[in-house]
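> return a 3D structure for these sequence lines:
(one chain, ligands or ions: 1)
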Amino acid sequence: MNEKQKWTQKQLYLPYEEWPKETRTALKKMVSASPWRTTYHIEPSTGLLNDPNGFTFFDGHWQLSYQSFPYGPVHGLKSWHRLTSPDLVHWQDEGDFLLPDSPYDAQGVYSGSAISLSPDILFIMYTGNVRTADWKRKTYQNGALMNRTGEVTKMTRPLIQRPDNLTEHFRDPMLFMQRQNLYVLIGGQSRSDHAGIMLLFRCTKNIRHWTFVGNVNAGISHWGYMVECPNFVVVDHHPVLIFSPQGLDQSVLCYDNRYPTVYLSGTSFDASSATLNDPTDLHLLDEGFDNYATQAFNSPDGRTLSISWIGMPETSYPTDDYGYDGALSLVNELKWQDGRLIQSPVKETLELRKPEKVLNPDKTYLTTNSYELHVHVQNGEKTTLSLFDNPEHTIHLQVTLDTIEGVVTIDRQTFSWPTDPNDNQRRLIRLESHQAIDITIFADISIFECYINGGAHRATGRVFPDKDGNGLSITGHTRAKYFEMKK
Ligand code: FRU
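This next block holds a predicted model:
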């Protein structure tokens, strides 16, 4: 069944074992006919992918799961689907992982995180979504343990009760350690005024015992109406909170997407009082179109790593017609410099490159639409890049780098998708005026990830070009470095 067909509640929440076996086989066939399957990004083999979950290092491998509804490109009954990797770039599909099969998660194994507690045990905390007979939402924060062979055992009882002053929108536990203590951040909505909040809990005796520390105080007076997917990481000694607020007021932070993902830092994070001291302003983590639910963690190798859902809640994509939806970003390493996050694909991404080529201006190159492009625009110049360009040069992603004004414009309005004329299909990324601009763009069939000025700004999005939409050109005096990517 594809997106065009109307899904009933019964179909959306049908227990997995009641789906005929052939459903996934039929979906796989549809997926294989898609012209927009990417070459080096993670996509679901069938159905829908949303948030990254349980991103961590355990048993000598990188571990990553994602929110999955394998039976169609819609937000149905969610589970976790697991992958492992030796290098953060090549991922092995480990299949369905945490399934909605207990009384505390029967209508969805929602987002959560994982942390290695010993070389043999990975501890997972996730939100269980349950609906009562009259379809009222109930929410539970559940635990599970995975061993080195990948076997997972759910803990029998929920670990953290929903505080009474919260609505049932209480989810997405993110585990982290600070000074030998285990903490968890959880997003939520207060009952009294339906405002978003972020809560901190500390593990006491053992992983079955948690105590409420407080609502996170980060100098933010309005968090919107719901905080989803909170994260706490330390980046180059700076405490950083990353989260996806819904309904955030434009006076707090300007953004163009339906929902933004944001970050802020401070001088220190006092976990005994849940306070981020001397908080900075909020910043957008991604200034493009399709980025949400970022998950980050402090890896044992000293790096801070992040990965995002390339997608947006309440948005449908043209791949839905081929039985799948959603992708994950490249894994990024986070650094802190001059008061902001620097995000760039991990160094292992270099393994994907084929030999370098130099591209000259004012010439259209026909590409595989799977490449890494580097452009340096000298101060005083203005350059336009056209990617995914059709032969008539009428449909393309245009990226304009204006060093005089200090603005990068990313424009996808010539494509027939997105169809909503009210959505703004241009993004303006403001930089210092009269400065050179550097951009690295990772193009992958129907995804673009732009990293501007060494990763001080990042902009991600999707485009769905026609078969012949594979031109690439650069105006002006600027040459580009180009690497086709390996399959
Ligand atoms: C964010 C989110 C989370 C929730 C999950 C359900 O995209 O809504 O808050 O846990 O997706 O799939």
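> report the contact partners of the residue most central in space within the chain.
Centroid check for the chain by C-alpha atoms, centre = their mean gives Ser308 as the closest residue, at 1.7 Å. Counting by C-beta atoms under 8 Å, 6 or more residues apart in numbering, Ser308 touches 52, 261, 285-286, 291-295, 328-329, 460. (C-beta placed from N, C-alpha, C; glycine too.)
> can you do 7 Å?
52, 261, 286, 291-294, 329 (C-beta atoms under 7 Å, 6 or more residues apart in numbering).
> looking at the stretch 151-300 of the chain, which residue is nearest the ligand?
Glu228 (3.8 Å; C-beta to the nearest ligand atom).
> next one: that residue from Gly339, what distance?
26 Å (C-beta to C-beta, to the nearest Å).
> more neighbours: the two, which one.
Using other C-beta atoms under 10 Å, the more surrounded residue of Glu228 and Gly339 is Glu228, with 24 against 10.
> element containing the residue lying closest to that one once chain neighbours are set aside?
The shortest distance from Glu228 to any non-neighbouring residue, by C-beta to C-beta, 6 or more residues apart in numbering, is to Ser244 (4.5 Å). For Ser244, the element it lies in under DSSP states H and E is strand 238-246.
> which ones among the contacts of Ser308 lie within strands?
Taking DSSP state E, the ones among the contacts of Ser308 that sit in strands are 52, 292-294.
> dump those to a markdown table, plus pLDDT, distance to Glu22 and neighbour count.
Listed next are the ones in strands among the contacts of Ser308 as a markdown table, based on pLDDT from 0 to 100; distance: C-beta to C-beta, whole Å; neighbours: other C-beta atoms under 10 Å:
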| residue | pLDDT | distance to Glu22 | neighbour count |
| --- | --- | --- | --- |
| Pro52 | 99 | 29 | 26 |
| Tyr292 | 98 | 32 | 25 |
| Ala293 | 98 | 31 | 26 |
| Thr294 | 98 | 36 | 26 |
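> coming back round to it: isn't the residue of the stretch 151-300 of the chain closest to the ligand up against Gly188?
No - applying C-beta atoms under 7 Å, one finds Glu228 not in contact with Gly188, separated by 9.4 Å.
> the domain parsing of this protein - what is it?
Per automatic domain parsing, the domain ranges recorded for the chain read 9-345, 350-485.
> how far does the last one sit from the chain's center?
What that stands for is domain 350-485. On the basis of C-alpha atoms, centre = their mean, to the nearest Å, domain 350-485 sits 21 Å off its chain's mean C-alpha point.
> can you get me the start-to-end distance on that domain?
End-to-end distance of domain 350-485: 9 Å, with C-alpha to C-alpha, to the nearest Å as the criterion.
> and if you look at stretch 430-439?
With C-alpha to C-alpha, one end of stretch 430-439 sits 14 Å from the other.
> what are the contacting residues of that stretch?
For stretch 430-439, the external contacting residues (C-beta under 7 Å, 6+ apart) are 375-379, 401, 403-408, 450, 452-454.
> please repeat the previous calculation with a cut-off of 6 Å.
With contact meaning C-beta atoms under 6 Å, 6 or more residues apart in numbering, stretch 430-439 is reached by 375-379, 401, 403, 405-407, 450, 452-453.
> SS state for the residue lying closest to Leu248 once chain neighbours are set aside?
For Leu248, ignoring the flanking residues on the chain, the nearest one in space by C-beta to C-beta, 6+ apart is Gly224 at 4.0 Å. For Gly224, the secondary structure call by DSSP: H, G, I helix; E, B strand; the rest coil comes out as coil.
> and the residue of the stretch 151-300 of the chain closest to the ligand, what does it touch?
172, 187, 244.
> please repeat the previous calculation with a cut-off of 10 Å.
For Glu228, the contact set (C-beta atoms under 10 Å, 6 or more residues apart in numbering) comprises 51, 110-111, 169, 171-172, 187-189, 196, 243-246, 259, 261, 292-293, 313.
> what helix or strand does it sit in?
strand 226-235.
> partners of that strand, with directions?
strand 238-246 (antiparallel) (DSSP bridges).
> touching the ligand at all, stretch 49-64?
Yes - where contact is defined by C-beta under 6 Å from any ligand atom, part of stretch 49-64 touches the ligand, namely 50-51.
> and that stretch, C-alpha only, in CSV?
Extracted in CSV, the C-alpha atoms of stretch 49-64 (Å, rounded to 0.1, in the frame of the first residue of the first chain):
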residue,chain,number,x,y,z
LEU,A,49,12.4,5.7,8.6
ASN,A,50,12.5,8.7,11.0
ASP,A,51,14.6,9.5,14.1
PRO,A,52,18.1,7.9,14.6
ASN,A,53,18.1,6.0,17.9
GLY,A,54,20.6,4.3,20.1
PHE,A,55,23.7,5.7,18.3
THR,A,56,26.7,4.5,20.3
PHE,A,57,29.8,2.4,20.3
PHE,A,58,29.6,-1.2,21.7
ASP,A,59,31.4,-4.5,21.2
GLY,A,60,33.9,-3.0,18.7
HIS,A,61,31.2,-1.6,16.4
TRP,A,62,29.3,1.5,15.9
GLN,A,63,25.7,0.8,16.8
LEU,A,64,22.8,2.7,15.3
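> buried set for it?
For stretch 49-64, the neighbour count (16 or more other C-beta atoms under 10 Å) marks 49-59, 61-64 as buried.
> list the contacts for the closest residue to Arg179 other than its chain neighbours?
Nearest residue to Arg179 in three dimensions, chain neighbours excluded: Ala271, at 7.6 Å (C-beta to C-beta, 6+ apart). Contacts for Ala271 (C-beta under 10 Å, 6+ apart) come out as 176-179, 181, 183, 200, 202, 213-214, 232, 239.
> quick one, which of these are buried?
176, 178, 183, 200, 202, 213, 232, 239.
> run through the bridge partners of the fourth one.
As for beta bridges, Leu200 partners with Leu185, Gly214 under DSSP bridges.
> equivalent analysis for the first one, please.
Counting by DSSP bridges, Phe176 is bridged to Tyr183.
> any idea how far whichever residue of the stretch 351-487 of the chain sits closest to the ligand is from Gly47?
Shortest the stretch 351-487 of the chain-to-the ligand distance, computed as C-beta to the nearest ligand atom: residue-wise this is Thr460, at 15.3 Å. Separation of Thr460 from Gly47 (C-beta to C-beta): 22 Å.
> returning to what we had before: and the pLDDT at the residue nearest to Leu248?
We have a pLDDT of 97 for Gly224.
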